[in-house]
Every structure is written in structure tokens, then in C-alpha cells.
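>>> mind folding the following:
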Amino acid sequence: MEFQVPVGVSNKHAHLSREDLDALFGQGYELTVKKDLSQPGQYAAEERIEVIGSRSSMVMRILGPVRNNTQIEISTSDSFALGVDGILRESGNIAGTPGILLRGPEGEVEIKEGVIVAARHIHFHCDDAEKLGIKNKQKVKVMAAGPRATVFEEVICRVDPSFALDMHIDTDEANAAGIKNGDLLQVIVE
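Numbers count the residues shown, from 1 in each chain. Below is the predicted model of the structure:
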């Protein structure tokens, strides 16, 4: 079976816990919505933080709302530039990943873990998954056509009633295949 899915290219960004947001921006600080993202309730905030590695630092946008745990999502290229191991993980699975120093306008926080290269994945609402015969954590292939045609293997299907249909890849993957936000890619279920 095959079907198409829109793609969202994910640049480096930070998800912050309430505790870390308070430490970086001040007690009780509330993020300012810059724009809504493809997933319901998720947004890019106006606020940014500096992420400081052993080799360099980068300014990263914060995505809201706050999370239970702070997580910094980077590409493999970003990991080289920062001087931190680029461990490939599914979002939320941060145990045993590297930590890093974060700096905001009101303070610094050194997280002990939480820096990941996010594994490529597709968000499915439960209704879409049922209609397409997709199970949570199932892996599929996704093909990008064009002059730099690519097949992405091991794409994780994430199914949840709060999700909207959208594939997420990082900037390294998108650039290698000539993919832009909103492009439609072909999902191959074997």
C-alpha cells in the first residue's frame, strides 16, 4: 500500500521544562506564540536561547508549550559544530543522551541529558492510522521524488489522538534530498 504525506522540515530547536524556562527567563515566564506548527497546540515561540557546546554555541528557537523534560533537537551537522555526540533518538527518549549548557536572558541551566538528533517520523491521528492500517511504532519507507530522489528507511509511525498527519525530518535530511516544507512524499507500507 502507498499514500502521500506532507513533510515538515525541523530545524534545530529547544523544548523546555517549566523549571528550566523559569531559570532562563524568570519565574512564571510565559512564552510568546510566534506561529502555530503542524501539530495541534504546538507553536514556535518568539523566544530563543543560546545552546553552548564544547566547540561552539548556537541560538535556537523555543517550541511550546512547556514539556515535562527539556530536550534540545539538533541535526548531525549541528552536533559536529557544537561538539556534542549526535545520538539518534525518538523524541522524548532522552535517557543516556548528552547534556549541554543553556543560556537565557535571566540565567543559565546545565542539563545533564536531553540533546538528541530526532529520528525521522510521521505523526498520525488515530483516525488516519486506522484508515491506512498503520500501527503505533510501525516503521515504513518514504520516497521523495525529483532530481535528488531518496528513500528514507526506518521511518517511525507515531499514532496519537492529538496528532495531525505530518512527517518530520531534520534539515540535513531535507537538504540532501532537496525537500521543502509542505512537499508531499510517498509512504510505502510493506
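>>> helices along the protein, start to end?
For the chain, the helices defined by DSSP state H cover 18-25, 76-82, 126-132, 171-177.
>>> just name the most buried of these.
Ranked by mean neighbour count under mean count of other CB atoms under 10 Å, the helices of the chain are led by helix 18-25, which reaches a mean of 19. Glycine gets a C-beta too; all of them are placed from N, C-alpha and C.
>>> just checking, what packs against that one?
Counting contacts by 3 or more CB pairs under 8 Å, 6 or more residues apart in numbering; DSSP states H and E, helix 18-25 packs against strand 57-67, strand 100-104, strand 107-111.
>>> what sits up against it?
16, 28-29, 31, 47, 49, 62, 66, 70, 102-109, 111 (CB atoms under 8 Å, 6 or more residues apart in numbering).
>>> now do stretch 161-170
5-11, 38-41, 73-76, 117-118, 120-126, 128, 142, 152, 155, 179, 185, 187.
>>> now the helices and strands packed on helix 18-25 as JSON lines including mean pLDDT, mean neighbour count and distance to Leu21?
Shown next, in JSON lines, are the helices and strands packed on helix 18-25 (pLDDT from 0 to 100; neighbours: other CB atoms under 10 Å; distance: least, CB to CB, whole Å):
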{"stretch": "strand 57-67", "mean pLDDT": "98", "mean neighbour count": "17", "distance to Leu21": "6"}
{"stretch": "strand 100-104", "mean pLDDT": "98", "mean neighbour count": "20", "distance to Leu21": "8"}
{"stretch": "strand 107-111", "mean pLDDT": "98", "mean neighbour count": "16", "distance to Leu21": "9"}
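>>> neighbours of Glu50, how many?
15 (other CB atoms under 10 Å).
>>> how much space separates the residue nearest to it when sequence neighbours are not counted from Leu31?
Leaving aside its chain neighbours, Glu50 sits nearest to Arg103 (4.2 Å; criterion: CB to CB, 6 or more residues apart in numbering). Note on Arg103: its distance to Leu31, by CB to CB, to the nearest Å, is 17 Å.
>>> got the helices of the chain as TSV, with mean pLDDT columns?
Formatted as TSV, those follow (pLDDT from 0 to 100):
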stretch	mean pLDDT
helix 18-25	98
helix 76-82	98
helix 126-132	95
helix 171-177	97
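>>> what's the closest of the ones you listed to Leu88?
helix 76-82 (8.3 Å; CB to CB).
>>> what's the closest one packed up against?
Counting contacts by 3+ CB pairs under 8 Å, 6+ apart, helix 76-82 is packed against strand 57-67, strand 115-118, helix 171-177.
>>> show me what the last one is packed up against.
On a contact count with 3+ CB pairs under 8 Å, 6+ apart, helix 171-177 meets strand 2-10, helix 76-82, strand 150-159.
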